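>>> Take this sequence and fold it.
(one chain, ligands or ions: 2)
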Amino acid sequence: MPRPKKKRSVQRPPLFSEFKPTGVRASELQPLELALDEFEAIRLADFLGMDHAESAEHMDISRSTFSRLVEKARHKIGQFLTEGRHLRIEGGDIHFQKNLIRCQRCGHMFNMTFDTDLNQCPNCGSSNLIDLAGGYGHGNCCQRHHNRHRR
Ligand SMILES: [Zn+2]
Ligand SMILES: [Zn+2]
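Ligands and ions are numbered 1, 2, ... in the order given. Sure thing, here's the model as predicted:
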C-alpha cells in the first residue's frame, strides 16, 4: 500500500483567495488553480526571500521537494501574469499552523491558534467575523495535526 502523502505545513491562510485582470469577467477567463502549498512556497522564497533549505524546513518537506514546488508555483504566477488567468488559491495537501480571523465591521485581522475561540472582535465588539482557515476547508484538522506532532 502506498504511504499516505505527508501534509505540508502552511503558516496561515492567505488573505486573498482570488485574483484576476481588471475589466474582464471571470467567466471569460481561463481558470488557474494555485494550491495552498504552492502559495506558501512563493510567500517564503519570493516574498520573504528565504533560501530553499530554510523554506523547506518551514513547510516540513525536503529541500528537493521544496525546489520542485516553488518552480511549479512560479510557472503558474508566470502564466497568470502573461496570459491573464482567473487565479484561485485552493487545495493542496496542507494544514495551517495558525488561523487568521477578519472582522467584517472594522477590518481588523487577528492571528489565532486553533484551540482558541473568538466570538467577538476585541477591537470593535462585532460578532461578524470571518474565519479564513475555515474558508479553505480547514480548522479542526489543523488542530489535530498539530496535537499529533507536538508529542
Ligand atoms: Zn472589529
Ligand atoms: Zn487542516
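>>> CA only for contacts and neighbour counts going forward, please
Noted.
>>> Any figure for the gap between Glu57 and ligand 2?
Separation of Glu57 from ligand 2 (CA to the ion, to the nearest Å): 18 Å.
>>> Give me the neighbour count for that residue.
Other residues lying near Glu57 total 13 when counted by other CA atoms under 10 Å.
>>> same deal with Asn140?
The tally of other residues near Asn140 (other CA under 10 Å) stands at 14.
>>> element containing the residue nearest to Thr65 when sequence neighbours are not counted, please.
Spatial nearest neighbour of Thr65, chain neighbours left out: Ala56 (7.7 Å); criterion: CA to CA, 6 or more residues apart in numbering. Using DSSP states H and E, Ala56 sits in helix 52-59.
>>> what residues does this protein put near ligand 2?
Residues of the chain lying close to ligand 2 by CA under 5 Å from the ion are 95, 138, 141-142.
>>> Most neighbours among those residues, which one?
Counting neighbours by other CA under 10 Å, His95 leads these with 27 neighbours.
>>> Give the helix, strand or coil label for it.
strand (DSSP: H, G, I helix; E, B strand; the rest coil).
>>> Of the residues of the chain next to ligand 2, just say which sits nearest to ligand 1.
Of all the residues of the chain next to ligand 2, His138 has the smallest distance to ligand 1: 22.6 Å, by CA to the ion.
>>> how much space is there between that closest one and Ile101?
His138 sits 13 Å away from Ile101, going by CA to CA, to the nearest Å.
>>> Over to Glu38?
Glu38 is 22 Å from Ile101, where distance means CA to CA.
>>> neighbour count winner among the two?
Glu38 (24 against 21).
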